[in-house]
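Q: Need a 3D model of the following:
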Amino acid sequence: MQRKAYVTGTAALLAALLVGCTSGSGGDSPTDNANPGDTGTATAAARPGKYRTLPEPCGAVGHDTLDAMLPGIKQITDPDQRDKAYQGEAALTYDTDRKVGCHWKVESADATDRLSVDFERVVSYDNTVSDDDQAEKLFGDKETAADLPEPSGSSAPAGTPTPTSSSSSSASSSASSASGGTPSAPASGHASGSGSPSPSGSPSGSASSGAPEADLQPRVLTDLGDEAYIDDRLAASGSTAEQRTVTVVFRTSNVVVTIEYEEQPMATGTVPDSKEMQDTARELASQLDDALGG
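A: Residues are numbered from 1 along each chain as shown. This is a model prediction of the structure:
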């Protein structure tokens, strides 16, 4: 009787072990797939930006470019003062790998010219957002703040309104100028005469009267960096002489570059030439983009 009880107990133990192994070996059971989204591996981090450092801003603009944008610099007779003018003044920064800038201010017999160049390297602190995407957002915020006018006509290039009967002659003149015409500004400086006002007293719409021509209006630029725009604003400075500010902003990968070019004429009744200022600002932007390797 004792032997029979031992055999019965052993059989019960083997049966219990068999049931346990069967229930634990179900690799495809619903219990294991209760959280199918939890793979146990970390999400791959977004790609870092192309740029890890920034150029030295005061050395990024060559002397020839400064001569063209700041005519008064060549009028400085003292060599030490002229060299100092070329050097510019570095903007205050606490991290030269993230944001740097340089500013120049030069007076001439015709005008006071100011130039500033700022570089900002954008870094995303969100592993799911790349540096480029974060820089694209920063650029978009700047463009929104600039409040560029909407292009007129769906088939026209950005920023170029469709000519009408009243503006066709102005548009034709602009096209001729853009294709290699001679700028209307005098060789001695950027400022030009105010021209004849319209009968209503408002600007006639040409660059010499203050308002940029149709193809010189603030607009998106398609030939610079990954994305870019240009702004052109004319503002009274408390006197009859008007200050023009041309701003070019462009993004190359995770670096956003801002160029601000201002001119304040000395003589009343003169207005800085829009085309000449835009052309020189865009040329500088192209040089900086090339230097970045964009």
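
Q: quick one: N127 and A45 touch, right?
A: Yes: A contact is recorded between N127 and A45 when judged using CB atoms under 8 Å, the distance being 4.4 Å. (C-beta placed from N, C-alpha, C; glycine too.)

Q: Going by residue numbers, what spans are helices in the protein?
A: Along the chain, the segments classed as helices by DSSP state H run 2-24, 63-69, 79-87, 131-146, 168-178, 274-292.

Q: Neighbours of C58, how many?
A: 18 (other CB atoms under 10 Å).

Q: Ok, D83 next?
A: 10.

Q: What of E242?
A: Neighbour count of E242, defined by other CB under 10 Å: 20.

Q: Just the pLDDT for it.
A: Reading off the confidence values, E242 has pLDDT 84.

Q: Likewise for the one 3 residues further on?
A: On pLDDT, T245 comes in at 96.

Q: residues contacting it?
A: By CB atoms under 8 Å, 6 or more residues apart in numbering, T245 lies in contact with 231-235, 260-262.

Q: Now do it against R282, distance only.
A: Here the criterion is CB to CB, to the nearest Å. By it, T245 lies 15 Å from R282.

Q: how many neighbours does A291 have?
A: Residues near A291, counting by other CB under 10 Å, number 13.

Q: Verify the contact between it and P55 for me.
A: Yes: taking contact to mean CB under 8 Å, the distance of 6.4 Å between A291 and P55 places them in contact.

Q: Counting neighbours, what do you get for the closest residue to R114 other than its chain neighbours?
A: Setting aside the residues directly before and after it, R114 is nearest to E262 in space (CB to CB, 6 or more residues apart in numbering), at 4.2 Å. Residues lying near E262 (other CB under 10 Å) number 20.

Q: how close does E262 get to A228?
A: The gap separating E262 from A228 is 19 Å, by CB to CB.

Q: Spit out the contact partners of W104.
A: By CB under 8 Å, 6+ apart, W104 lies in contact with 61, 66, 70, 85, 88-89, 113-116.

Q: Just the buried ones out of these, please.
A: 61, 66, 70, 85, 88, 113-116 (16 or more other CB atoms under 10 Å).

Q: circling back: lowest mean pLDDT across the helices of the chain, which one is that?
A: When these are compared by mean pLDDT, helix 168-178 comes last with a mean of 38.
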